[in-house]
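[1] missing the sequence, but the structure's below:
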């Protein structure tokens, strides 16, 4: 296990320049692991993300009787599919704080049947899952709450699924729809299954990832816009043989923002113009702020605005909620007040990110207005030295590293990141990668 200090002092950096090879996408990694497990055949997964969240999924699948092997010291894995039926019918599964693991597994286990308990860390037990449970129980699943209603931990017992049509709210988390979509072929043995989205669907690009990967594993989903999704009867997951995990587009945002803030060029390798991840659209926001972006098949590069500081931005970030956190910190370096809109989903993530971001940005001297689903940020004349609390949230730690760049450097401010080990959730070597483009000692 990698060891981390209790806190990490980032030295001010005048310039960011270089290239970073990205770790695999968390969203793609955990979806791919579950689809490979449910498939017929053996799947060779290349460049799986090495992180706490993927470890949670791997351990859960192992407990469920799925065989997998890691190839040497690489991040390549072989997963032996179980053809839609988990060999182990009773298990106690620890889900950590991995939403990308607990939500699709809840749906898959409710449909396949057995006797399972799912639980996690304290924060996981505060993250809502009621809309997913309601949708499944309405068609015959037997899922019970063993703690607070609407939240994990859960007890899943064998039900009798009759699921021609399911309904799920779309305005809390797109992971609920993803979970139902991934479980739909297991329900559609004899007749088609349609999933209807009630209300607005948030984070649509993450559903695109789900549909793309289901297609790679042999299942087509017919959709009516963003309101209804149908899986025809008789489709089964089949291994594609081999699949490559793209670099994580959310993680790319920190390095691209560094290039936009502090000169550049900074290039990220592992994700490019043909990415299936919606978070690559983060670069559109950087371009609106004045950065120059270039893209290749497998890389993206950012250079700062040659005509002055970044421009303030006022935009809807419902489609890229994770990467939008990076824009909130980049706003510290803009020429006026920035407004990030339609980001209410931040409140049910690893922490209440709206409240946490507002609190920590104020420590740096920013004037911040926190609304129910928006954040308005006026940058300070000078970034203040601060100890940033991270709330056991990997993205808080990573995006606030950007505060150590040019504005802080001119002021001689020191940025301390408390509890830096939280980055292990998705990017264990983040701070080493960040140091490689700023050329500063970490601590």
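    Structure's in. What do you need? What you see is a predicted model, and the numbers here were worked out from it, not measured in a lab.
[2] pLDDT-wise, which helix or strand of the chain ranks last?
    Lowest by mean pLDDT, DSSP states H and E among the helices and strands of the chain is helix 406-411, with a mean of 69.
[3] What's the first helix or strand after it?
    strand 415-418 (DSSP states H and E).
[4] Quick one: mean pLDDT over that next one.
    Mean pLDDT, computed over strand 415-418, is 97.
[5] Kindly report the same for stretch 207-222.
    Mean per-residue pLDDT for stretch 207-222: 98.
[6] Contacts for that stretch next, please.
    27-28, 31-32, 35-36, 39, 174, 177-178, 181-182, 184-185, 201, 223, 226, 229-232, 235-240, 243, 276-278 (C-beta atoms under 8 Å, 6 or more residues apart in numbering). From N, CA and C alone the C-beta is placed, and that goes for glycine too.
[7] now those residues: which count as buried?
    The neighbour count (16 or more other C-beta atoms under 10 Å) marks 27-28, 31-32, 35-36, 39, 174, 177-178, 181-182, 184-185, 201, 223, 229-231, 235-240, 243, 276-278 as buried among the contacts of stretch 207-222.
[8] Filter those down to just the ones in strands.
    223, 229, 230, 231, 243 (DSSP state E).
[9] Skipping its backbone neighbours, what lies nearest the fourth one in space?
    Closest residue to residue 231 apart from its sequence neighbours, by C-beta to C-beta, 6 or more residues apart in numbering: residue 184 at 4.1 Å.
[10] Surely residue 121 is within a helix?
    No - if the criterion is DSSP: H, G, I helix; E, B strand; the rest coil, then residue 121 is coil and not within a helix.
[11] Would you agree it is in contact with residue 96?
    Yes - contact criterion C-beta atoms under 8 Å: residue 121 and residue 96 qualify, at 5.8 Å.
[12] Which of those two has more residues huddled nearby?
    residue 96 (20 against 16; other C-beta atoms under 10 Å).
[13] ok but that one is inside a helix, no?
    No - secondary structure of residue 96 (three-state DSSP): coil, not part of a helix.
[14] Make sure it is actually in contact with residue 56.
    Yes - under the criterion of C-beta under 8 Å, residue 96 makes contact with residue 56 at 4.4 Å.
[15] where are the low-confidence patches of the protein?
    For the chain, the stretches flagged by pLDDT under 70 are 1, 407-412, 440-443.
[16] can you do 90?
    By pLDDT under 90, the weakly predicted segments of the chain are 1-2, 11, 162-163, 306-307, 348, 406-414, 439-443.
[17] Can you show me the helices along it?
    Assigned by DSSP state H, the helices in the chain fall at 26-38, 52-63, 99-112, 130-137, 174-187, 204-216, 249-261, 282-288, 321-330, 353-363, 394-400, 406-411, 430-438.
[18] Quick check: which of the ones you listed is buried the most?
    helix 249-261 (a mean of 30; mean count of other C-beta atoms under 10 Å).
[19] packing partners for it?
    Applying 3 or more C-beta pairs under 8 Å, 6 or more residues apart in numbering; DSSP states H and E, one finds that helix 249-261 makes contact with strand 16-21, strand 263-269, helix 282-288, strand 299-303, helix 321-330, helix 394-400, helix 430-438.
[20] and with 6 Å instead?
    In terms of contacts (3 or more C-beta pairs under 6 Å, 6 or more residues apart in numbering; DSSP states H and E), helix 249-261 is packed against strand 16-21, strand 263-269, strand 299-303, helix 321-330.
[21] I'd like those laid out as JSON lines, including distance to residue 433.
    JSON lines is the format used below for the helices and strands packed on helix 249-261 (distance: least, C-beta to C-beta, whole Å):
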{"stretch": "strand 16-21", "distance to residue 433": "5"}
{"stretch": "strand 263-269", "distance to residue 433": "10"}
{"stretch": "strand 299-303", "distance to residue 433": "15"}
{"stretch": "helix 321-330", "distance to residue 433": "15"}
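[22] what's the closest of those to residue 139?
    For residue 139, the closest of those is helix 321-330, at 28.7 Å, according to C-beta to C-beta.
[23] name the helices or strands packed onto that closest one?
    Using 3+ C-beta pairs under 6 Å, 6+ apart, helix 321-330 is in contact with helix 249-261, helix 394-400.
[24] Quickly note the distance from residue 424 to residue 24.
    Residue 424 is 14 Å from residue 24, where distance means C-beta to C-beta, to the nearest Å.
[25] count of residues packed around residue 169?
    Residue 169: 18 neighbours (other C-beta under 10 Å).
[26] Correct me if wrong: it contacts residue 132.
    No - between residue 169 and residue 132 there is no contact under C-beta atoms under 6 Å: 9.4 Å.
[27] State the number of residues packed around residue 162.
    10.
[28] still on that earlier bit, specify which member of the ones in strands among the buried ones among the contacts of stretch 207-222 is nearest to residue 359.
    The closest of those, once distances to residue 359 are taken by C-beta to C-beta, is residue 229, at 38.1 Å.
[29] Look up how far residue 77 lies from that closest one.
    Residue 229 is 29 Å from residue 77, by C-beta to C-beta.
[30] Equivalent analysis for residue 252, please.
    For residue 252 relative to residue 77 (C-beta to C-beta), the value is 23 Å.
[31] Residue 333 now?
    Using C-beta to C-beta, which is the criterion applied here, residue 333 is 40 Å from residue 77.
[32] cool, residue 431 as well?
    Distance from residue 431 to residue 77, by C-beta to C-beta: 26 Å.
[33] Ok, residue 233 next?
    Per C-beta to C-beta, residue 233 is found 31 Å from residue 77.
[34] Looking at the two now, which is surrounded by more residues?
    The residue with more neighbours, out of residue 233 and residue 77, is residue 77; 22 against 12, by other C-beta under 10 Å.
[35] what's the distance between the more buried one and residue 394?
    Taken as C-beta to C-beta, the span from residue 77 to residue 394 is 22 Å.
[36] just to revisit the earlier point, may I see the helices of the chain organised as a markdown table, with distance to residue 372 added?
    Formatted as a markdown table, the helices of the chain follow (distance: least, C-beta to C-beta, whole Å):
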| stretch | distance to residue 372 |
| --- | --- |
| helix 26-38 | 26 |
| helix 52-63 | 28 |
| helix 99-112 | 21 |
| helix 130-137 | 19 |
| helix 174-187 | 19 |
| helix 204-216 | 21 |
| helix 249-261 | 24 |
| helix 282-288 | 22 |
| helix 321-330 | 15 |
| helix 353-363 | 8 |
| helix 394-400 | 20 |
| helix 406-411 | 29 |
| helix 430-438 | 30 |
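[37] Residue 156 is nearest to which of the ones you listed?
    helix 99-112 (5.1 Å).
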